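Q: take this sequence and fold it.
(one chain, ligands or ions: 1)
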Amino acid sequence: MTTHNLLLLPGDGIGPEVMAEVKRVIAFFNEQGPDKFTFDEGLVGGACYDAHKVSITDETMEKAKAADAVIFGAVGGPKWDKVDYDVRPEAGLLRLRKDLALYANLRPAVTYPALASASSLKPELVEGLDIMILRELTGGVYFGEPKTITDLGNGQKRAIDTQVYDSYEIERIGRVAFELARKRRNKVTSMEKRNVMKSGLLWNEVITALHAREFKDVQLEHQLADSGGMQLVRNPKQFDVIVTDNLFGDILSDIAAMLTGSLGMLASASLGEVDPKTKRRKALYEPVHGSAPDIAGKGLANPIAMIASFGMALRYSFDLGKQADMIDEAIAATLDKGFRTGDIAAPGEKTVGTSEMGSAILAELAAQV
Ligand code: NAD
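A: Down below sits the predicted model:
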């Protein structure tokens, strides 16, 4: 039997509340098999600052590096608004992403049938939607040098950000995109701005060459990122996997998120290199939402994004696609039966709390075996 070692980092606010539901799902799969999960836990964000005056300790970083996957809740909250920039809660997450070199950010946008009316788009446009936005996470304009604001001395200032990509960075994210597509509907749409940006030209060239060399069986199309954004809200179901750079991915993944209704439903994964020894990728799984201080401690948070993030770990770190499908189906069935936390309830609809939603999902999981 294979055993996987997880590091759970619940964080702040609703993080620990939604992580508690993941622990119940882990216990379920430990009983059902086929694989076993052990886990260690650590502090991150404000919780870690309160205990150690840093947002993540070196010891926890070492555990994260050694783990088969990191499962992350959320960090932040008004309590830590005034702490030094370097030790603010988000710095813990940024260090994890950086030190684990997590260059591929996967953001699925899935509309569960029961929630199609919660989208800001017409239900028929989003019903059955299941697309994946793949964002390059460690390069591009957020990190490129020079990155400065200069006083020009004439009452003007000049700000410079640098968009920079090396071909290896484009190729490795492209490879993730094609491999993902092979396990989905076999289509990749690459988005850049080759009409006005050199980095867009190189992006297009590298993705095209990689496709011709290794992935001819996958359908590839190119769209300019601006018209791609338009297509995303005009006809989102035309897409399967969208691969794009850090800046465009930041924007397009948030647009795609809103197609599905609520923040409480959105899972994500960030993947790094494959370790040549263990053949495992460094990986961190987290809900897209934050620590929701407005509802923290009240047992009201929707645990679906967190549970679905664990489902992504099963699929992308442990090759347990069947078990990941079970989670997705259990979530869909729970929603079909009318269970709603406050964030996804229509006006007047009855709502349940975090653990009740968790129990309903566990019951649906149990019903599948
Ligand atoms: P947020 O995602 O925490 O909350 C936005 C709104 O969505 C709130 O009304 C909240 O109640 C609701 N919401 C979010 N998740 C929910 C869930 N699972 N169930 C039900 N309702 C949910 O974003 P924010 O309010 O902008 O930020 C709050 C704190 O979280 C800030 O400190 C911010 O920096 C931090 N944050 C952290 C992360 C992260 O850890 N990755 C991401 C975003 C924001």
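Q: list, one by one, the residues from the stretch 51-200 of the chain near the ligand.
A: Applying Cβ under 6 Å from any ligand atom, we find that the stretch 51-200 of the chain lies next to the ligand at 74, 75, 76, 77, 90, 93. For glycine as for every other residue, the C-beta is placed from the backbone atoms N, C-alpha and C.
Q: between the residues you listed, which is nearest the ligand?
A: Of all those, the ligand sits closest to residue 76, with 2.5 Å by Cβ to the nearest ligand atom.
Q: coming back round to it: determine which two of the residues of the stretch 51-200 of the chain next to the ligand are furthest apart.
A: 77 and 93 (13.5 Å; Cβ to Cβ).
Q: on that earlier part again, in strands only, show me the residues of the stretch 51-200 of the chain next to the ligand.
A: Mapping those onto strands (DSSP state E) picks out residue 74.
Q: out of the residues of the stretch 51-200 of the chain next to the ligand, who has the most neighbours?
A: The residue in these with the most neighbours, by other Cβ atoms under 10 Å, is residue 74 (32 neighbours).
Q: surely it touches residue 19?
A: No. The pair residue 74 / residue 19 is not scored as a contact, 9.3 Å apart, by Cβ atoms under 8 Å.
Q: and for residue 338, the neighbour number?
A: Residues near residue 338, counting by other Cβ under 10 Å, number 12.
Q: show me what contacts it?
A: The neighbours of residue 338, taking Cβ atoms under 8 Å, 6 or more residues apart in numbering as the test, are 114, 349, 350.
Q: could you check how far it is from the ligand?
A: 17 Å (Cβ to the nearest ligand atom, to the nearest Å).
Q: numbering from 19 from now on, please.
A: Okay, residue one is now 19; in that scheme the one you just asked about reads as residue 356.
Q: would that residue count as being in a helix?
A: No. Under DSSP: H, G, I helix; E, B strand; the rest coil, residue 356 sits outside any helix and is assigned coil.
Q: so how far is residue 35 from it?
A: Residue 356 is 22 Å from residue 35, where distance means Cβ to Cβ, to the nearest Å.
Q: residue 147 now?
A: Note on residue 147: its distance to residue 35, by Cβ to Cβ, is 28 Å.
Q: go ahead and confirm residue 31 touches residue 95.
A: Yes. Judged on Cβ under 8 Å, residue 31 makes contact with residue 95 at a distance of 5.2 Å.
Q: what's the pLDDT at the closest residue to the ligand within the stretch 219-368 of the chain?
A: Nearest residue of the stretch 219-368 of the chain to the ligand (Cβ to the nearest ligand atom) works out as residue 308 at 2.4 Å. For residue 308, the model assigns a pLDDT of 94.
Q: quick one: contacts for it?
A: 31, 92, 93, 94.
Q: can you pull out the helices in the stretch 169-318 of the chain?
A: 185-200, 216-232, 243-252, 264-277 (DSSP state H, counting those that start in this stretch).
Q: tabulate those helices in a markdown table, adding columns for mean pLDDT and mean neighbour count.
A: Putting the helices of the stretch 169-318 of the chain into a markdown table (pLDDT from 0 to 100; neighbours: other Cβ atoms under 10 Å) gives the following:
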| stretch | mean pLDDT | mean neighbour count |
| --- | --- | --- |
| helix 185-200 | 97 | 20 |
| helix 216-232 | 98 | 17 |
| helix 243-252 | 96 | 16 |
| helix 264-277 | 91 | 20 |
